[in-house]
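Engineer: Pasted the sequence and its predicted model underneath.
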Amino acid sequence: MTKLPSTTDIIEDLEFFDDWEERYQYIIDLSKQLPELSEAERTDDRIVKGCQSSVWLKPTIDDDRLFFDVASDAVIVSGLLVLVLAAYQGQTAKTIVDFDMDNYFKVLDLERHISMTRGSGLRAIVAKIRELATQHSS
Amino acid sequence: MSLDIDALRAQFPILSTKVNGKTLTYLDNAATTQKPQVVIDALVDFYTQCNSNVHRGAHSLSDEATRRFENARSNIQTFINANQREEVIWTSGTTEAINIVANGLAQKLKAGDEVLITEMEHHANLVTWQQACLRAGATLQVAQINEIGELDVADFTAKLSSNTRLVAFPHASNALGTLNAINELTSIVKSQSDALVLIDGAQGIAHCKVDVQAIGCDFYVFSGHKLCAPTGVGILWGRYSVLENWPVWQTGGEMIRTVDYQESTWGVLPHRLEAGTPNIAGAVGLGAAVEWFMQQDLDALKAHETALLNYAMDKAKDFSGIQLVGTAKEKVGVMSFLIDGTHPGDLGFILDQQGVAIRTGDHCAQPLMKRLGLGGTARASFSIYNTFEEIDTLFVALNKAKNMLA
């Protein structure tokens, strides 16, 4: 599995860019680091659906840590999923539940992507991961 | 051509807005259109000068509100050339208008009856009939389209039978822009069956002169917000002889004649299909919008829109990696497309950053996308106030998106 950047790395990197093109190019480049699901593993029962793009999620639990393989058919959503997984990958259920994803996206100045209005499936996948973590910790 | 595009644009305040620091290039007109100042003023004036309930007040304000509300109805009657003003029913939009007809039809359908639609429907003109058929044990027939998104008229004709009770088709397709020959299709239905004809005018009304008497259909429905009017208001036009005894939709106030505890009787058109307090300000706004349209040089607007679409489609031919979806000979207002190696959602993001507003996704037409073997498309849709420069901006923005994504 490729090592994902940390949330601190991401915050620092994104702060460095001045314009939208550099920021989105960064997000597009990040998409290549997604711990990706193979085509065969993109089954219907793993779909977390937004109306603009589909996201597939396969969670695994190793001891008390949660790991996620994901795939999206859209590049920018894939890049944004790396931002999300930077916070969640390999963490304990408690860390996941305690992490303030809305605030993190606000700090990154990408909050519109996680807001209620976007149909990208990103909010849905964050909710799904938090639900899994909550089940696991209870 | 006598169109002064700058003067026209100046009437739409939102067009000078900045989005993401860029001048807005609004190319999502098939989703909703922007509003001219006269429509905004009609809403503000209504609320500041005469807000009251209609048809029931014992006071002057209510009389004035009723006058404006009913004047708006007369404007719609003129705009679509309805025979009687009572044939014009206020609804919340296209979807509610179709639901009124579908709900009534479901009460009349029997097992073995058929409803015919086409493969180019958006969900409002599909799920409604599907559910009506399911309730009654009737069959939903679907007329095919060809590869370029035109209705297969032979298949449409072949699927008419003595069992067909209603035929519904779009004036124009929201996802592809295909313009249907609505007069001819209506006359085919009327000559081959006893079926009622409903035309979903959501995408047609803003682009074409509509004369419901000349078309010969039984119902024509549309939403105000796609015609430069407010959201939440729309029209069900129905032929008087058909609507007169159409099963009531919602029940409650306004639509009754007499009420007792165990039974009620219904009022006359148009009120019998307008239960409760209507969207009065919205109706006044829609009345103002059609009045505004009737003051414009409609032929010049139509010529401008046609020129815009042709310009966009021609530019697309020279843009490498673009695949146009829906290339019917008769089209209005819509350019649906894909760009090799990119997801429509990604295109939408990158265009938005450049101030260009389009729609991406399945366009509320999942079976159509499935028929075309697509998950979705990107769609630029044009209106009267768009310019050739904005189409240039679209292609510059697309080129940047392609370079970043593909």
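Structural biologist: Arrived safely, thanks for sending.
Engineer: can I assume residue B:379 sits in a strand?
Structural biologist: Yes: assigned with DSSP: H, G, I helix; E, B strand; the rest coil, residue B:379 falls within a strand.
Engineer: quick one: it and residue B:324, what's the gap?
Structural biologist: 11 Å (Cβ to Cβ, to the nearest Å). All C-beta atoms are positioned from the backbone trio N, CA, C, and that covers glycine.
Engineer: ditto for residue B:372
Structural biologist: Applying Cβ to Cβ to residue B:372 and residue B:324 gives a distance of 12 Å.
Engineer: what does residue B:330 give?
Structural biologist: 15 Å.
Engineer: what about the two, which has more around it?
Structural biologist: Legend: neighbour count by other Cβ atoms under 10 Å in any protein chain shown for residue B:330 and residue B:324, higher for residue B:324 (18 against 11).
Engineer: for that one, helix, strand, or coil?
Structural biologist: strand.
Engineer: Just give the closest residue to residue B:170, not the sequence neighbours.
Structural biologist: residue B:200 (4.5 Å; Cβ to Cβ, 6 or more residues apart in numbering or on different chains).
Engineer: What residues does the stretch 301-406 of chain B have near chain A?
Structural biologist: With Cβ under 8 Å from any Cβ of the partner chain as the criterion, the stretch 301-406 of chain B meets chain A at residues B:342-346, B:348-350, B:353, B:360-362, B:375-376, B:400, B:404-405.
Engineer: and if we set it to 6 Å?
Structural biologist: By the rule Cβ under 6 Å from any Cβ of the partner chain, the part of the stretch 301-406 of chain B lying against chain A is B:343, B:345-346, B:349, B:353, B:361, B:405.
Engineer: before we move on, what about chain B?
Structural biologist: Listed as neighbours of chain A in chain B under the rule Cβ under 6 Å from any Cβ: B:343, B:345-346, B:349, B:353, B:361, B:405.
Engineer: Please enumerate the strands of the stretch 151-300 of chain B.
Structural biologist: Assigned by DSSP state E, counting those that start in this stretch, the stretch 151-300 of chain B shows strands spanning B:164-170, B:196-200, B:219-223, B:234-238, B:256-259, B:264-266.
Engineer: ok, the third one: who's next to it in the sheet?
Structural biologist: Under the criterion DSSP bridges, strand B:219-223 sits next to strand B:196-200 (parallel), strand B:234-238 (antiparallel) in its sheet.
Engineer: Contacts for it next, please.
Structural biologist: Strand B:219-223 has contacts (Cβ atoms under 6 Å, 6 or more residues apart in numbering or on different chains) with B:93-94, B:97-98, B:101, B:198-199, B:201-202, B:205, B:212, B:234-238.
Engineer: what does the first one give?
Structural biologist: Judged by Cβ under 6 Å, 6+ apart, the contacts made with strand B:164-170 from elsewhere in the structure are B:105, B:113-118, B:125, B:180, B:189, B:193, B:195-198, B:200.
Engineer: out of the residues you listed, who's nearest chain A?
Structural biologist: residue B:125 (18.9 Å; Cβ to the nearest Cβ).
Engineer: Whichever strand or helix holds residue A:26: what's the following helix or strand?
Structural biologist: Using DSSP states H and E, residue A:26 maps to helix A:20-30. Following helix A:20-30 in sequence order, the next helix or strand is strand A:47-49 (DSSP H and E).
Engineer: Show me what that following strand packs onto, helices and strands only.
Structural biologist: For strand A:47-49, the elements it packs on are strand A:54-62, helix A:122-137, judged by 3 or more Cβ pairs under 6 Å, 6 or more residues apart in numbering or on different chains; DSSP states H and E.
Engineer: Kindly recompute the last result at 10 Å.
Structural biologist: When contacts are defined as 3 or more Cβ pairs under 10 Å, 6 or more residues apart in numbering or on different chains; DSSP states H and E, strand A:47-49 sits against strand A:54-62, strand A:65-72, helix A:122-137.
Engineer: quick one: the last one to strand A:54-62, angle?
Structural biologist: When you say that, I think you mean helix A:122-137. Compare the direction of helix A:122-137 with that of strand A:54-62 by axes from the mean of the first three to the mean of the last three Cα atoms, to 10 degrees and you get 20 degrees.
Engineer: Kindly calculate the angle that helix A:122-137 makes with strand A:65-72.
Structural biologist: 160 degrees.
Engineer: what pLDDT, on average, does helix A:122-137 get?
Structural biologist: Here helix A:122-137 scores 89 as its mean pLDDT.
Engineer: Only C-alpha atoms, please: export that helix in PDB.
Structural biologist: Provided in PDB are the C-alpha atoms of helix A:122-137 (Å, rounded to 0.1, in the frame of the first residue of the first chain):
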ATOM      1  CA  LEU A 122     -17.600  12.800  -0.600                       C
ATOM      2  CA  ARG A 123     -19.900  13.700   2.200                       C
ATOM      3  CA  ALA A 124     -21.700  10.400   1.900                       C
ATOM      4  CA  ILE A 125     -18.400   8.500   2.200                       C
ATOM      5  CA  VAL A 126     -17.300  10.500   5.200                       C
ATOM      6  CA  ALA A 127     -20.600   9.600   6.800                       C
ATOM      7  CA  LYS A 128     -20.200   5.900   5.900                       C
ATOM      8  CA  ILE A 129     -16.700   5.800   7.300                       C
ATOM      9  CA  ARG A 130     -17.800   7.500  10.500                       C
ATOM     10  CA  GLU A 131     -20.700   5.000  10.800                       C
ATOM     11  CA  LEU A 132     -18.400   2.100  10.400                       C
ATOM     12  CA  ALA A 133     -16.000   3.500  13.100                       C
ATOM     13  CA  THR A 134     -18.900   4.200  15.400                       C
ATOM     14  CA  GLN A 135     -20.100   0.600  15.100                       C
ATOM     15  CA  HIS A 136     -16.600  -0.700  15.600                       C
ATOM     16  CA  SER A 137     -16.000   1.400  18.800                       C
END
